[in-house]
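S.K.: no letters, just coordinates:
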């Protein structure tokens, strides 16, 4: 079944004038195109018992080259020419060949995407400033009450879930360019007023965090939905990997910058309210800069007038190609979130006397792993597939399980590093698969649905992780998430197995299926009387 189409169709011609089926162009099985050139070359250059060879090898190559684009696939002819040390043909039209897509090539060829990436990087640099300033302000003003910090996290989670779950269609309904500029300026305005409001009551920061999270729940899906329109076809996965790596790196720099600002301000005797005010204002400036960068992009899509703002999850769930990726993203978010409370407890278990610095070091290791994974997934040739997502989940699961097998901090750190590499591999693959499965009119709704599902599942996973860690210890929590991720990764690998035979090609197999369906319809018609 694999070789038969190659033999059957190796007399087809690139322009459709061949036999037996008159197939044309990419519809001809890829292997048959290779066999056609090889058979012709052997016929005109090979010696037979009844005659000498008709041409020398070089003459044969030249003869076949004259028919490239008519009888033969030009790319196959070029391969034959390269075997004989000859240059590729200079043809105005030829089928595209998959080329290795580098990050530099994506950035150089797509200036609008580069501008959006700059805006994302600037925002990611500023996000930790507000996070640190808000938590420090609340923690210090409530006599170091951790429950107040928990309220801040809950407010952010609720803002995300409410906005993306209820109004996820905003990213499709309105022009994304105007929407992003408006929301970035809104975030900047909120942060500029935060120091003033915090002077009256530190609790004013809580509703501000809620609003910032709600705005972010629109901004993030809108950015993700805009990327396919800014890069060439086949570069979406690479672009998503670049965004993930940039966000991770800028976020890490942002946390370091926040710590440096607070330390420097304390050295000069600046009061703590003034220290955190500097961070709020600095983050507001990053959002203003991001708005200016987005303003310079001509079009980011959106503006589907008929699209309803509400019901994004229901619309996304109706898309068959989207549904399995949403399920996997929710399950993965639940399992990965189990590690959030477990990692802190694990740090104190590994180094009782130095739990806090150990936890900080482990978080740095996680950040390094996420950055490495973001870069690594960009080198994959099939980023937006369930198999790539499954490979990332399986890697995270296996090395999370390895963390439970040793109490040595060096071994745990090494396993945590590799486990962290798998996380962005899964995330980028999942996001890419979703934006490619959706179309230009509903990508914002699809990505908003993923955003809300991941956040809700993450909250449930964090609560579950806290319970397991409290009852059975951090190693048990890592064991549970490891087994779950391994099973989920194996499922994703099985569900994402390739069903297209590369020797035939997708176009040929689709044509065969269409012909078979048409034949079945004809046979189903009642026979004439």
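M.R.: The structure has been received and is ready for your questions. Treat the numbers as computed from the prediction; the structure is a model and nothing was measured.
S.K.: and the strands in the stretch 251-400 of the chain?
M.R.: In the stretch 251-400 of the chain, no strands are found when defined by DSSP state E, counting those that start in this stretch.
S.K.: any weak-confidence spans in this structure?
M.R.: Residue ranges of the chain with pLDDT under 70: 1-2, 92-101, 144, 146, 305-307, 352, 355-356, 381, 497-514, 516-529.
S.K.: tell me which residue lies nearest the centroid of it.
M.R.: Nearest to the centroid of the C-alpha atoms of the chain, with distances taken as Cα atoms, centre = their mean, sits residue 428, at 2.3 Å.
S.K.: for that residue, give me its contacts.
M.R.: Taking Cβ atoms under 8 Å, 6 or more residues apart in numbering, we find residue 428 in contact with 237, 240-241, 244, 374, 377-378, 383. C-beta: built from backbone N, CA, C; applies to glycine.
S.K.: any idea how far it is from residue 349?
M.R.: Separation of residue 428 from residue 349 (Cβ to Cβ, to the nearest Å): 32 Å.
S.K.: that older thread, correct me if wrong, but the residue nearest to the centre of the chain is in a strand.
M.R.: No. With DSSP: H, G, I helix; E, B strand; the rest coil as the criterion, residue 428 is assigned helix and is not in a strand.
S.K.: from residue 482, how far out is it?
M.R.: Counting by Cβ to Cβ, the separation of residue 428 from residue 482 is 21 Å.
S.K.: equivalent analysis for residue 424, please.
M.R.: Counting by Cβ to Cβ, the gap from residue 424 to residue 482 is 18 Å.
S.K.: so for these two, which sits in the more crowded spot?
M.R.: residue 424 (27 against 23; other Cβ atoms under 10 Å).
S.K.: find the residue closest to the more buried one in space, skipping its chain neighbours.
M.R.: Using Cβ to Cβ, 6 or more residues apart in numbering and skipping residues adjacent in sequence, the residue nearest residue 424 is residue 373, 3.8 Å away.
S.K.: residues touching that neighbour, list them.
M.R.: By Cβ under 8 Å, 6+ apart, the residues touching residue 373 are 392, 420-425.
S.K.: quick one, which of the residues you listed are buried?
M.R.: Taking 16 or more other Cβ atoms under 10 Å as the criterion, what is buried in the contacts of residue 373 is 392, 420-425.
S.K.: measure the residue nearest to residue 424 to residue 329 for me?
M.R.: 16 Å.
S.K.: re the thing from before, as CSV, the contacts of residue 428 with distance to residue 310 would be great.
M.R.: Shown next, in CSV, are those (distance: Cβ to Cβ, whole Å):
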residue, distance to residue 310
237, 30
240, 27
241, 32
244, 29
374, 33
377, 34
378, 35
383, 32
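S.K.: output the buried ones among the contacts of residue 373 in a markdown table, with secondary structure appended to each entry.
M.R.: Formatted as a markdown table, the buried ones among the contacts of residue 373 follow (three-state DSSP):
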| residue | secondary structure |
| --- | --- |
| 392 | helix |
| 420 | helix |
| 421 | helix |
| 422 | helix |
| 423 | helix |
| 424 | helix |
| 425 | helix |
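S.K.: can you give me the buried ones in the strand or helix carrying residue 458?
M.R.: According to DSSP states H and E, residue 458 maps onto helix 443-472. Buried positions in helix 443-472, judged by neighbour count with 16+ other Cβ under 10 Å: 443-459, 461-462, 464-466, 468-469.
S.K.: follow-up on the earlier one: quickly name whichever of the contacts of residue 428 is closest to residue 181.
M.R.: For the contacts of residue 428, the minimum distance to residue 181 (Cβ to Cβ) is 22.3 Å, reached by residue 240.
S.K.: centre of the chain versus the strand or helix carrying the closest one, how much separation?
M.R.: Element membership of residue 240 [criterion: DSSP H and E] is helix 236-267. On the basis of Cα atoms, centre = their mean, to the nearest Å, helix 236-267 sits 19 Å off its chain's mean C-alpha point.
S.K.: which helices and strands does it pack with?
M.R.: Other helices and strands packing on helix 236-267, by 3 or more Cβ pairs under 8 Å, 6 or more residues apart in numbering; DSSP states H and E, are helix 103-109, helix 111-141, helix 272-295, helix 355-377, helix 409-437.
S.K.: winner for burial among those?
M.R.: Highest mean neighbour count among the helices and strands packed on helix 236-267 (mean count of other Cβ atoms under 10 Å): helix 409-437, with a mean of 23.
S.K.: quick one: it to helix 443-472, angle?
M.R.: For helix 409-437 against helix 443-472, the angle between stretch directions is 150 degrees (axes from the mean of the first three to the mean of the last three Cα atoms, to 10 degrees).
S.K.: figure out how far helix 409-437 is from the centre of its chain.
M.R.: 11 Å.
S.K.: what's the angle from that helix to helix 355-377?
M.R.: Using the same axes, to 10 degrees: helix 409-437 against helix 355-377 is 40 degrees.
S.K.: need the buried ones among the contacts of residue 373 in JSON lines (columns: distance to residue 279).
M.R.: Below are the buried ones among the contacts of residue 373 laid out as JSON lines (distance: Cβ to Cβ, whole Å):
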{"residue": "392", "distance to residue 279": "33"}
{"residue": "420", "distance to residue 279": "27"}
{"residue": "421", "distance to residue 279": "31"}
{"residue": "422", "distance to residue 279": "32"}
{"residue": "423", "distance to residue 279": "27"}
{"residue": "424", "distance to residue 279": "27"}
{"residue": "425", "distance to residue 279": "32"}
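S.K.: just curious, which of those is nearest to residue 185?
M.R.: Among the buried ones among the contacts of residue 373, and counting by Cβ to Cβ, the member closest to residue 185 is residue 424, at 30.0 Å.
S.K.: give the contact list for that closest one.
M.R.: Contacts of residue 424 (Cβ under 8 Å, 6+ apart): 241, 244-245, 248, 370, 373-374, 377, 392.
S.K.: ditto for residue 375
M.R.: Neighbouring residues of residue 375 by Cβ under 8 Å, 6+ apart: 241, 245.
S.K.: thinking again about what came up before, ok, of the contacts of residue 373, which one's closest to residue 282?
M.R.: residue 424 (26.9 Å).
S.K.: how many other residues sit next to the spatially closest residue to residue 362 that is not a sequence neighbour?
M.R.: Leaving out its chain neighbours, the residue that sits closest to residue 362 by Cβ to Cβ, 6+ apart is residue 347, at 5.6 Å. Residues lying near residue 347 (other Cβ under 10 Å) number 23.
S.K.: same thing with residue 23?
M.R.: 22.
S.K.: okay but it is in contact with residue 16, surely?
M.R.: Yes. Contact status for residue 23 versus residue 16: in contact at 6.9 Å, counting by Cβ atoms under 8 Å.
S.K.: for residue 214, list the residues it contacts.
M.R.: 159-160, 162-163 are the contacts of residue 214 under Cβ under 8 Å, 6+ apart.
S.K.: any of those buried? List them.
M.R.: For those, buried by 16+ other Cβ under 10 Å: 159-160, 163.
S.K.: can you put those residues in CSV and add distance to residue 133 and secondary structure?
M.R.: Below are the buried ones among the contacts of residue 214 laid out as CSV (distance: Cβ to Cβ, whole Å; DSSP: H, G, I helix; E, B strand; the rest coil):
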residue, distance to residue 133, secondary structure
159, 17, helix
160, 19, helix
163, 22, helix
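S.K.: redo the residues you listed as a markdown table? Include distance to residue 324.
M.R.: Output for the buried ones among the contacts of residue 214, formatted as a markdown table (distance: Cβ to Cβ, whole Å):
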| residue | distance to residue 324 |
| --- | --- |
| 159 | 28 |
| 160 | 23 |
| 163 | 25 |
